[in-house]
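> Fold the stuff below for me.
(chains A and B)
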Amino acid sequence: MSAIREDFREILRLVRPGARVLDVGCEDGELLELLSRERRVDGQGLEISQAGVSACLARGLAVVQGDGDRDLDHFPTRAFDYAILSKTLQQMREPRHVLSELLRIADQAIVSVPNFGHWRMRASLMTRGRMPETRALPDPWWSTPNIHLCTLRDFTDLCRELDLRVDACAALSGGKPARQIRPDGLLENWRSESALFLLSRRSEGQVGAVPKDLFGEVVLPQPEGVAPKRRTRAKT
Amino acid sequence: MTATAAASPAIETDGGTLRFPAGKALRLDSGARLDPLEIAYKTYGRLNEAKSNAILVCHALTMDQYVASPHPTTGRPGWWNRVVGAGLPLDPDRYFIICANVVGGCMGSTGPASTNPQTGEPYGLAFPVITIADMVRAQAMLVEALGIETLLAVVGGSMGGMQVLQWAADYPEKLYSAVCIAAAARHSAQNIAFHEVGRQAIMADPDWRGGAYEKAGVRPEKGLAVARMAAHITYLSEQALQRKFGRELQGDGLSWGFDADFQVESYLRHQGTSFVDRFDANSYLYITRALDYFDLAAQHGGVLAEAFRKARGVRFCVLSFSSDWLYSTAESRDIVRALNAAGCRASFVEVETDKGHDAFFLDEPQLDATLRGFFDATAHARGLR
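Numbers count the residues shown, from 1 in each chain, chains lettered A, B, ... in the order given. Now for the predicted structure:
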């Protein structure tokens, strides 16, 4: 299992076994397959590219072709335990809307963002006077898909504004193991290349409630052998 | 009963006509009963011992049970022999593939051209109006008669896709997976409008004779051909028509008359005249009516998700074509949204193509790859080799 990407390893650590997971921008389904295998999650992907969708189907994953900016309204409220948005929030047209949608659909969101406050960025801008091109954000300004960049402080501000609670935060840089951090720490805003957040709605305080479907019925586990398996929450 | 014709010599095909005994009439949504009931079907491959490899293919409006074997009238290859066959996504070496002519059809299943037991003459307009749910009910009777409890998959495009959705609503416990291609959960006003043009063309043909043309020894060929021409336009995208024909002429110049000057006219005329050889006008009326009556949400209190409420155990795959304006991607997305709302396990793919609705029959590698991936994974999950 040494080949697991560090961000995936951290997500794997955060996700409760048997949970219902939506992976927004799931690409070829690598993370979902890992979560299904290692955490026995009931997974669903959302992916924009046909090649990605085909790869997911071939892996036996449930995947909807669509755009995180536009198609999150496909999914009913609180249909999932976790909504994962890995590395693409800064590419969304409306990150704020997407973030609140993730926490409408799921009880918790796992979101990773590159940190524009990282010292390499600051140094590059300071010394060269040009838009930074770093290992985390390698594209020139005119072709970068990253249209909504933020620093860790910016991101935590937005979370506060949306009344979201940061349940966990880990710094990720290169291929190094994840390091648990306090996301609002000034120092971390200098030294973290990117960060992975576990977020939940602060106001509702209902995390852990038994999920109900569209019809107000409790979603119960189904007998083995017939997919899919919808599970009750592990902790109630 | 064993048929000799096959798409490939390696494929084992069978089929025939199943006649249900008098006590097993088909109850129809209209309240009428079809008695006796005959269902003509074809099968490809062999049912395994566990009876877990059966896949039902549901055909579209003007198609039939000849999925992967030559059509008995036209001699043309099976309508889906790009998908069903050795080495293809639906390989008869692995699956037992069933396709039945729909009730109301004209290729051997009970339809308006069948003999009305009350009169000893063809039903004509005495045939009861049928629905998509009636077609599915008859298929379920066939599947049961073949000794199959659970279908590994039910798959279909266009009207076949609507049958797939109806299967999921009515018999979810008999399904392991469902694949709905280029379909919609209801017929739109525009869909109904095009069908009405077709029906009026048939009924305006003096040879239609109030539906009793067979007795009179004539056929409303002109009306049926016009119906087909109008419908055929809806199967193609504007881009595909432009690409295929543009303003190209048939001959050297304009005829300054009403011959088929343009290639597109000639093409449509050919579509119309060749269609009448293999299709019955009354069947066309009845089946288009069944499509127009189709509204899966309406059958479930106006909430589409309610239709899939019991189908949580079914793996769904919904496909649409980007240039299909007959049953657009938006219609498929509505289906997916309802499936998600009902808590079903659903996948959705929009195949990028300029070929319009007909892309379903055509060379579309993305469609093949999607179907192959989905069926392979489904078979694997079901424990097939």
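
> I'd like to check which residues are in contact with the closest residue to B:Arg186 other than its chain neighbours.
Closest residue to B:Arg186 apart from its sequence neighbours, by Cβ to Cβ, 6 or more residues apart in numbering or on different chains: B:Asp295 at 4.0 Å. Glycine gets a C-beta too; all of them are placed from N, C-alpha and C. B:Asp295 makes contact with B:Ala185, B:Arg186, B:His187, according to Cβ atoms under 8 Å, 6 or more residues apart in numbering or on different chains.

> tell me which parts of chain B are close to chain A?
For chain B, the contact set with chain A under Cβ under 8 Å from any Cβ of the partner chain comprises B:176, B:305-306, B:309, B:312-313, B:315, B:317, B:333, B:336-337, B:340-352, B:366, B:369-370, B:372-374, B:376-378, B:380-381.

> hmm, back to that, now, the contacts of B:Asp295 that are in helices?
Using DSSP state H, no member of those falls in helices.

> for these, which one is nearest chain A?
Using Cβ to the nearest Cβ, B:Ala185 comes nearest to chain A of the contacts of B:Asp295, at 14.7 Å.

> B:Pro89 touches B:Val83, doesn't it?
Yes: using Cβ atoms under 8 Å, B:Pro89 makes contact with B:Val83 at a distance of 5.4 Å.

> quick one, which of the two is more surrounded?
B:Val83 (26 against 20; other Cβ atoms under 10 Å in any protein chain shown).

> Now do the more buried one against B:Arg46, distance only.
19 Å (Cβ to Cβ, to the nearest Å).

> now do B:Gly383
17 Å.

> for B:Leu37, same thing?
26 Å.

> do B:Ile132 as well
29 Å.

> and what of B:Val155?
Distance, B:Val155 to B:Arg46, by Cβ to Cβ: 19 Å.

> what do you get for B:Arg82?
B:Arg82 is 22 Å from B:Arg46, by Cβ to Cβ.

> out of those two, which sits in the more crowded spot?
B:Arg82 (18 against 14).

> And what about the more buried one, helix, strand or coil?
coil (DSSP: H, G, I helix; E, B strand; the rest coil).

> quick one, what contacts it?
Counted by Cβ under 8 Å, 6+ apart, B:Arg82 has contacts B:Leu88, B:Phe361, B:Leu362, B:Asp363, B:Asp368.

> Of the residues you listed, keep whichever come out buried.
B:Leu88, B:Phe361 (16 or more other Cβ atoms under 10 Å in any protein chain shown).

> how about the contacts of B:Arg82, which pair is most distant?
Between any two of the contacts of B:Arg82, the greatest separation by Cβ to Cβ is 14.5 Å, found for B:Leu88 and B:Leu362.

> How about A:Val63: which residues does it bridge to?
A:Gly45 (DSSP bridges).

> A:Gly43 is in contact with that one, correct?
No: A:Val63 is beyond contact range of A:Gly43, at 9.0 Å (criterion: Cβ under 8 Å).

> Could you name every residue contacting both of the two?
With Cβ under 8 Å, 6+ apart, A:Val63 and A:Gly43 have no common neighbours.

> can you pull the buried residues of stretch B:287-303?
Per 16+ other Cβ under 10 Å, stretch B:287-303 contains these buried residues: B:287-297, B:299-300.

> Now do stretch A:172-179: everything it contacts.
A:5-7, A:9-10, A:13, A:112, A:135-136, A:170-171, A:192-196.

> Would you check the residues you listed and say which has the weakest pLDDT?
On pLDDT alone, A:Ala136 ranks lowest of those, at 78.

> which residues sit in contact with that residue?
A:Pro114, A:Asn115, A:His118, A:Arg120, A:Ser173, A:Glu193, A:Ser194.

> What about the residues you listed, which are in helices?
Going by DSSP H, the helices hold A:Arg120 from the contacts of A:Ala136.

> got a markdown table for the contacts of A:Ala136, with neighbour count too?
Below are those laid out as a markdown table (neighbours: other Cβ atoms under 10 Å in any protein chain shown):
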| residue | neighbour count |
| --- | --- |
| A:Pro114 | 23 |
| A:Asn115 | 29 |
| A:His118 | 26 |
| A:Arg120 | 18 |
| A:Ser173 | 19 |
| A:Glu193 | 19 |
| A:Ser194 | 21 |
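
> Any idea which of the contacts of A:Ala136 the model trusts least?
Where pLDDT dips furthest among the contacts of A:Ala136: A:Ser173, at 84.
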